[in-house]
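K.L.:
Just the structure for this:
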Amino acid sequence: MYFVGRILLLSGGRYHNTPIATYYNPTFNVLKSHQLAVDYSFNKADLSLSFSSYYKKDNATSDAILAFDNYHKSAIFGIEASFKKSLFRHISYSISNTFLRQSIRIENKLFPGKNSLNYFIKASLSYNNYQIINASVSYIDRPGIYQTPISSSFIDSENNLLPNFSNNINSYQLDSYRNVSLNINKIFSVKSISTTVYFIATNFFNKNNPRSILYYEDYYTDRTYNYFQKRLFFIGINVKL
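P.N.:
Residues are numbered from 1 along each chain as shown. Predicted coordinates:
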């Protein structure tokens, strides 16, 4: 549905998929998915607004023994809103937020999904002036993802020490993720030759953002974490003839 400066979209779908059997899952399991979505956008000369809501339900038919991160059924509901505004001729900013709620079913028990997010904020401030310089700063903030911790360990028949995962699926939440990044570039043009000099800094404040839990070999020693990329600088030149 289209109005001047406004767009409303309604969509839905259903599909079936049969993944190839593997060593860990030797059966051919039919995967079914149902999806519904509503999208709305509004645009003016210096203002953009958008809103979307969606729901997805997955079902898998399987008689195989499920690993701790597998599930028979999953449902996820999400809402996202975004706002972009031009302040002056060369300056603009944007902000968006996403809410996700996922639940999974394993052996007729409901657990929270690792993709559940109470918020997922993205913000940016940009200055774009071809004659002077282009610069932007962006910020991302979201809660940590959920994981299933190891509760104990055991020795198998081949004398290997293996982990026992907790029965409380996705009961441990990592620390929040925050990232501030910078992007600055300058374009020089001489006849048909265009040269871009750029500087990029990711995770500018060098925050430790946990990606996953790391355990020592005995599974008893205090755990540590695998982190996302720390501070990183890029400086370069791109020449286009």
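K.L.:
For the host helix or strand of residue 183, which outside residues touch it?
P.N.:
Using DSSP states H and E, residue 183 maps to strand 177-190. Residues outside strand 177-190 that contact it (Cβ atoms under 8 Å, 6 or more residues apart in numbering): 130, 133-144, 194-205, 207, 209-210, 228. C-betas here are computed from N, CA, C, even on glycine.
K.L.:
switch the cut-off to 7 Å
P.N.:
Here strand 177-190 makes contact (Cβ atoms under 7 Å, 6 or more residues apart in numbering) with 130, 133-142, 144, 194-205, 207, 209.
K.L.:
Next: stretch 130-144.
P.N.:
For stretch 130-144, contacts defined as Cβ under 7 Å, 6+ apart pick out 117-128, 173-187, 210.
K.L.:
Pull the distance from that stretch to the chain's centre.
P.N.:
Offset of stretch 130-144 from its chain centre (Cα atoms, centre = their mean, to the nearest Å): 18 Å.
K.L.:
Specify the strand with the largest residue count in this protein.
P.N.:
If you go by DSSP state E, the chain has its longest strand at strand 91-106.
K.L.:
and that strand, what does it pack onto?
P.N.:
Applying 3 or more Cβ pairs under 7 Å, 6 or more residues apart in numbering; DSSP states H and E, one finds that strand 91-106 contacts strand 73-86, strand 109-112, strand 121-129.
K.L.:
Pull out the buried positions in the longest one.
P.N.:
Buried positions in strand 73-86, judged by neighbour count with 16 or more other Cβ atoms under 10 Å: 74-78, 80, 82, 84, 86.
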